[in-house]
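S.K.: Quick one, what's the 3D model for this:
(chains A and B)
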Amino acid sequence: GAVVSQHPSWVICKSGTSVKIECRSLDFQATTMFWYRQFPKQSLMLMATSNEGSKATYEQGVEKDKFLINHASLTLSTLTVTSAHPEDSSFYICSANQGIRANEQFFGPGTRLTVL
Amino acid sequence: RKEVEQDPGPFNVPEGATVAFNCTYSNSASQSFFWYRQDCRKEPKLLMSVYSSGNEDGRFTAQLNRASQYISLLIRDSKLSDSATYLCVVNIKAAGNKLTFGGGTRVLVKP
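M.R.: Residues are numbered from 1 along each chain as shown, chains lettered A, B, ... in the order given. Sure thing, here's the model as predicted:
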């Protein structure tokens, strides 16, 4: 199957700092990438849909100025958590669509963010 | 009401036994359905798509009931390695390729 990587796999930062998470499709081009957040014992919640070369579409309740998404190429999307606070601590997972069908969505291994 | 609802479990299953669980979805416009598997602290991985006529993949059988808006997953001859959280996932075609995840059903297979 297609491979999606994320970097870093985990990060610990101080409150108020910004953290950038990278999502890369390694062996295919992805016109669409998705960013999810998963809190402990909860399901994945879609944060935003990222399209190459255009602005991301954010889900209701997700602050676009706090979670900056850049999708500059067909293989890379970045999520920057600005001015992180402890409540932003979560598991952030990206996915990328290899094709046009929903079942062709492949997930990265996730990034565990802990904000102290 | 959540868009996709699942019994969180855990379902404690003896090795070799059969386990089945359902998922209900609220949006009748839902078009594509999937079961994903997620291991602890890992990303979800596609287990199988669910087709209208029902489908089987080895020990796993998925069913779709559009009238009652639920899908099911049955695992036969459970293995210890089947222990995981099973996520019910729904896609609405009009929403592009956005996936909506259920809360997951935790399955623990014990020797």
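
S.K.: Distance from stretch B:27-44 to the middle of the chain?
M.R.: 7 Å (CA atoms, centre = their mean, to the nearest Å).

S.K.: List the buried residues for it?
M.R.: For stretch B:27-44, the neighbour count (16 or more other CB atoms under 10 Å in any protein chain shown) marks B:30, B:32-38, B:43-44 as buried. Glycine gets a C-beta too; all of them are placed from N, C-alpha and C.

S.K.: likewise stretch A:41-49?
M.R.: A:43-49.

S.K.: Tell me if that stretch is near chain B.
M.R.: Yes. Using CB under 8 Å from any CB of the partner chain, stretch A:41-49 reaches chain B at A:42-46, A:49.

S.K.: List, one by one, the residues from chain B near chain A.
M.R.: Close to chain A, as judged by CB under 8 Å from any CB, chain B has residues B:32, B:34, B:41-46, B:49, B:87, B:91, B:96-104.

S.K.: hmm, back to that, okay if I get the buried residues of stretch B:27-44 as TSV plus pLDDT and secondary structure?
M.R.: Shown next, in TSV, are those (pLDDT from 0 to 100; DSSP: H, G, I helix; E, B strand; the rest coil):
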residue	pLDDT	secondary structure
B:Ser30	84	strand
B:Ser32	90	strand
B:Phe33	93	strand
B:Phe34	94	strand
B:Trp35	96	strand
B:Tyr36	95	strand
B:Arg37	96	strand
B:Gln38	96	strand
B:Glu43	93	coil
B:Pro44	93	coil
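
S.K.: got JSON lines for those, with distance to A:Pro8 too?
M.R.: Listed next are those as JSON lines, based on distance: CB to CB, whole Å:
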{"residue": "B:Ser30", "distance to A:Pro8": "35"}
{"residue": "B:Ser32", "distance to A:Pro8": "32"}
{"residue": "B:Phe33", "distance to A:Pro8": "33"}
{"residue": "B:Phe34", "distance to A:Pro8": "28"}
{"residue": "B:Trp35", "distance to A:Pro8": "29"}
{"residue": "B:Tyr36", "distance to A:Pro8": "24"}
{"residue": "B:Arg37", "distance to A:Pro8": "24"}
{"residue": "B:Gln38", "distance to A:Pro8": "20"}
{"residue": "B:Glu43", "distance to A:Pro8": "15"}
{"residue": "B:Pro44", "distance to A:Pro8": "20"}
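
S.K.: before we move on, back to that, what subset of the residues of chain B next to chain A is buried?
M.R.: For those, buried by 16+ other CB under 10 Å: B:32, B:34, B:43-44, B:46, B:49, B:87, B:91, B:96-104.

S.K.: need the residues of chain A near chain B, please.
M.R.: A:32, A:34, A:42-46, A:49, A:91, A:93, A:95, A:97, A:100-103, A:105, A:107-110, A:112.

S.K.: for chain B, what spans make up the strands?
M.R.: Remark: strands assigned in chain B by DSSP state E are B:4-6, B:11-14, B:19-25, B:30-38, B:45-50, B:55-57, B:60-65, B:70-75, B:84-92, B:99-101, B:105-110.

S.K.: Now tabulate those strands in CSV and tack on distance to A:His71.
M.R.: Below are the strands of chain B laid out as CSV (distance: least, CB to CB, whole Å):
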stretch, distance to A:His71
strand B:4-6, 27
strand B:11-14, 39
strand B:19-25, 29
strand B:30-38, 24
strand B:45-50, 23
strand B:55-57, 33
strand B:60-65, 33
strand B:70-75, 32
strand B:84-92, 21
strand B:99-101, 18
strand B:105-110, 33
